[in-house]
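Let me see the structure of the following:
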Amino acid sequence: EVQLVESGGGLVQAGGSLRLSCAASGFTFDEYNRGWFRQAPGKEREGVACISNSDGTTYYADSVQGRFTISSDNAKNTVSLQMHSLKPEDTAVYYCATVFACGRLIPDYWGPGTQVTVSS
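Next comes the predicted model:
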């Protein structure tokens, strides 16, 4: 069964850090572009970060550039998102996904998500 499962979300104070992980099963994750997306209540889904399957190039939304880092552990079939200097506006459900093209951050298949809440 093809599956993506996110973990690591939670409640953190502004300025804090969290590390999200996404475990893939049923397929080889690094054969695909892999990304993180988020959706806050009442807002559209936003692409946050992506890592290319071809050469590992990373892409970030302007809103998280310099604060978030996406990485991949191919041996574990996982991708992670390290988040620093969190802000209340980072509060959202975060989803990992396979991505059609990193430059356009268009998701293909995604997991159920994990909630990140940043308190002020």
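
Tell me, please, the helix or strand in the protein that averages the lowest pLDDT.
Within the chain, confidence by mean pLDDT, DSSP states H and E is lowest for strand 107-110 among all helices and strands, at a mean of 92.

Using CSV, write out every CA atom in the helix or strand following that one.
Going down the chain from strand 107-110, the next helix or strand is strand 114-119, by DSSP states H and E. The C-alpha trace of strand 114-119 is given here as CSV (Å, rounded to 0.1, in the frame of the first residue of the first chain):
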residue,chain,number,x,y,z
THR,A,114,0.3,16.9,11.1
GLN,A,115,-0.8,20.0,13.1
VAL,A,116,1.8,22.7,13.9
THR,A,117,0.6,25.4,16.3
VAL,A,118,2.8,28.4,17.1
SER,A,119,1.7,30.5,20.1
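
Point out the other elements, helices or strands, that strand 114-119 touches.
When contacts are defined as 3 or more C-beta pairs under 8 Å, 6 or more residues apart in numbering; DSSP states H and E, strand 114-119 sits against strand 10-13, strand 18-25, strand 92-99. Where C-beta positions appear, they are placed from N, C-alpha and C, glycine not excepted.

Run through the residues that contact the one residue sitting closest to the centre of the chain.
Most central in the chain under C-alpha atoms, centre = their mean is residue 36, positioned 2.4 Å from the mean C-alpha point. By C-beta atoms under 8 Å, 6 or more residues apart in numbering, residue 36 lies in contact with 20, 22, 47-50, 68, 70, 79, 81, 94-97.

Which one of those is nearest to residue 107?
Relative to residue 107, the closest of those is residue 97; by C-beta to C-beta it sits at 3.8 Å.

picking that back up, in its sheet, which strands sit next to the least confident helix or strand of the chain, and in what direction?
Within its sheet, strand 107-110 is paired with strand 92-99 (antiparallel), according to DSSP bridges.

and the angle from the partner strand to strand 18-25?
Counting by axes from the mean of the first three to the mean of the last three C-alpha atoms, to 10 degrees, strand 92-99 lies at 40 degrees to strand 18-25.
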